[in-house]
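Novice: Below is the sequence, then the predicted model.
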Amino acid sequence: MICAILATGCAAQKAAAPAETGNRELLKWADFEYLGAFSAPRIFSNAKHGDRYGYSKGTMCWNPQGDPGGEKDGFPGSIMIPGHDGLVGEFSIVPPKKLGEKDKQKDGTYDTRKLPAGKQLGSFFDPTSGKKNVFPKRGENWRGLWWDGDLLHMSWSLWYDVGGVKNYRHHMAAKRNPDGTWETVIEPYSMKIRPHRCAGHITTAPKWWADEHLGGRRFLTGFNVAQGTGASNCGPGLYAYDPKKPDDALTLMEFPHSKATRDEMWRPEDAWRGVVFIDTGTKYALMFCGRKSLGDV
């Protein structure tokens, strides 16, 4: 698992907290600078930590309160990523490195083994306390992780849901106690939206924006997956919701599987897995992360 780091060039990035209201310009790619990359800890055996990062599928989040003392190297907080066997791991953020010509291999590709690796913070854990895996012999994949204050909000989906299960609980929130155990604060819940459209990425919008446009619904989620069922989105769907009132979720952007609404460039291998609302105080943008396939089906 390789993590890249981008920094915005906006002056307000290191200033005081963004204004609660006011006009903002659109944040663009020209406002970002690539600082480099680093890797997850190189754990090749699951004997010590209870899991490993091999085959991690891209679900990740930044824990602003993780890695106490990380401010000393200029990169505070930690990264949380589900491991291979379904538990979640956490590791420090280290100063990134830009690979250069001296890091290339004989075939012309970069040797990512030369990237600095984060430090593992404790053992892998299950923040759902076993509440995620409730379907015998079917398994549930991690799809979203997001810290809001002292709560970790999570989402998951059924693995290879060909039958199109119409409803199952797929979101919840928990907090980590000082002794490392997890306490459920918001029990697993569902929405009045098919899970294969909303059981994915999670982020939060600024309160001022949510109050102005979303009726106070700060949380944003969505899901795009191709698993033999037409219940998902053909693009990066987006829904606004309040974890305490999930039935009042608001559809913001949806791409149903139908000739009338589907993007003609959609491919089954498209994969939109992440979203984040960035607000620097002077500029903002809702940014999606994923993969757009271009080949023939």
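Specialist: Yes, it's here.

Novice: got the CA coordinates for the longest helix anywhere in the chain in CSV?
Specialist: Counting residues, the longest helix found in the chain (DSSP state H) is helix 207-213. Backbone C-alpha positions of helix 207-213 (Å, rounded to 0.1, in the frame of the first residue of the first chain) are rendered in CSV as follows:
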residue,chain,number,x,y,z
LYS,A,207,-21.1,23.0,8.8
TRP,A,208,-21.7,26.3,7.0
TRP,A,209,-22.0,24.5,3.6
ALA,A,210,-24.2,21.8,5.0
ASP,A,211,-26.5,24.3,6.7
GLU,A,212,-26.8,26.3,3.5
HIS,A,213,-27.2,23.5,1.0
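
Novice: So R197 belongs to a helix, correct?
Specialist: Yes: according to DSSP: H, G, I helix; E, B strand; the rest coil, R197 belongs to a helix.

Novice: That one contacts G222, correct?
Specialist: Yes: using Cβ atoms under 8 Å, R197 makes contact with G222 at a distance of 7.2 Å. (Each C-beta comes from the backbone N, C-alpha and C, glycine too.)

Novice: what's the overlap in contacts for the two?
Specialist: Both R197 and G222 are contacted by 233, 237, 239, under the criterion Cβ atoms under 8 Å, 6 or more residues apart in numbering.

Novice: Apart from its neighbours in sequence, what residue is nearest the second one?
Specialist: Nearest-residue entry for G237: G222, 3.9 Å, with adjacent residues in sequence omitted and distances by Cβ to Cβ, 6 or more residues apart in numbering.

Novice: these two touch, right, the one you found and N233?
Specialist: Yes: using Cβ under 8 Å, G222 is in contact with N233, at 6.8 Å.

Novice: which one of those two has more residues nearby?
Specialist: Legend: neighbour count by other Cβ atoms under 10 Å for G222 and N233, higher for G222 (31 against 25).

Novice: Contact partners for the nearest residue to G58 once chain neighbours are set aside?
Specialist: Closest residue to G58 apart from its sequence neighbours, by Cβ to Cβ, 6+ apart: R273 at 4.9 Å. With contact set as Cβ under 8 Å, 6+ apart, R273 has these partners: 57-59, 143, 200-201, 224, 289-291.

Novice: Filter these down to the buried ones.
Specialist: Neighbour-count burial (16 or more other Cβ atoms under 10 Å) applied to the contacts of R273 gives 58-59, 143, 200-201, 224.

Novice: domains for this structure, by residue range?
Specialist: According to automatic domain parsing, the chain comprises the domains 1-11+27-125, 149-297.

Novice: Run the chain-centre distance for the first one.
Specialist: Pointing back at domain 1-11+27-125 there. 14 Å (Cα atoms, centre = their mean, to the nearest Å).

Novice: S155: what's it in contact with?
Specialist: Contacts of S155 by Cβ under 8 Å, 6+ apart are 142-144, 170-171, 199-202, 221.

Novice: in the sheet, who's paired with it?
Specialist: G144, H171 (DSSP bridges).

Novice: I am finished for the moment; much appreciated.
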